[in-house]
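Colleague: predicted model, plus sequence, below.
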Amino acid sequence: MTSARKPKPEGRIITEPVKLLLPVKPRSKKNSQRWIKTRGDNPVWKLTPSEAYVQYEKDCGPFIRCKGMNISCLVNIKATFYIDADRPCDISNFFEALADMLVHYQVILDDNRRIVQSWDGSRVYVDRQNPRTEVIIEPVSEDIQTSLDIEKLSGGF
């Protein structure tokens, strides 16, 4: 018996930026991942996000007012992460956590390159009193989309 895959919902094209303020301490998805064993007749070990990330995703939920938008056009996501301590951090881990959360809450249809074109303008700063993430999802201009189509047709470089 094969399980049928759920069809993806219809996507939406945006023409104006979508702004989010997530007043929750930014979390990485990769730190402290857990292996869990599934239940059933054929248990399988599965890698899952850390408890801290799962809690972060839940804590951010009430602040995401554009759930279900399912943005499907090319976008740039500008994320400014304000962390609570001056410590080394890997911004790409923050990108992954934020993108997965935006997919989870159906703000974006998917986090692949056909939708998330870039993270231009993203930064990490320290704000000990007010850790948060400020997000601007903006549509990519038609000129860039056209150049991507030309690159696809010409086989790249």
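Modeller: It's in. Quantities reported herein were computed from a predicted structural model and do not represent experimental measurements.
Colleague: compute the distance between the residue lying farthest from the centre of the chain and residue 35, please.
Modeller: What lies farthest from the middle of the chain is residue 41; by C-alpha atoms, centre = their mean that is 33.7 Å. The gap separating residue 41 from residue 35 is 20 Å, by C-beta to C-beta, to the nearest Å. No exception for glycine: its C-beta is placed from N, CA and C like everyone else's.
Colleague: residue nearest the middle of this protein, spatially speaking?
Modeller: The chain, centroid-nearest residue using C-alpha atoms, centre = their mean: residue 99 at 0.6 Å.
Colleague: what sits against that one?
Modeller: Counting by C-beta atoms under 8 Å, 6 or more residues apart in numbering, residue 99 makes contact with 77, 108, 111, 116.
Colleague: what secondary structure category should be reported for it?
Modeller: The three-state label given to residue 99 by DSSP: H, G, I helix; E, B strand; the rest coil is helix.
Colleague: how near is it to residue 87?
Modeller: 22 Å.
Colleague: likewise residue 93?
Modeller: In terms of C-beta to C-beta, residue 93 sits 13 Å off from residue 87.
Colleague: ok, residue 53 next?
Modeller: In terms of C-beta to C-beta, residue 53 sits 17 Å off from residue 87.
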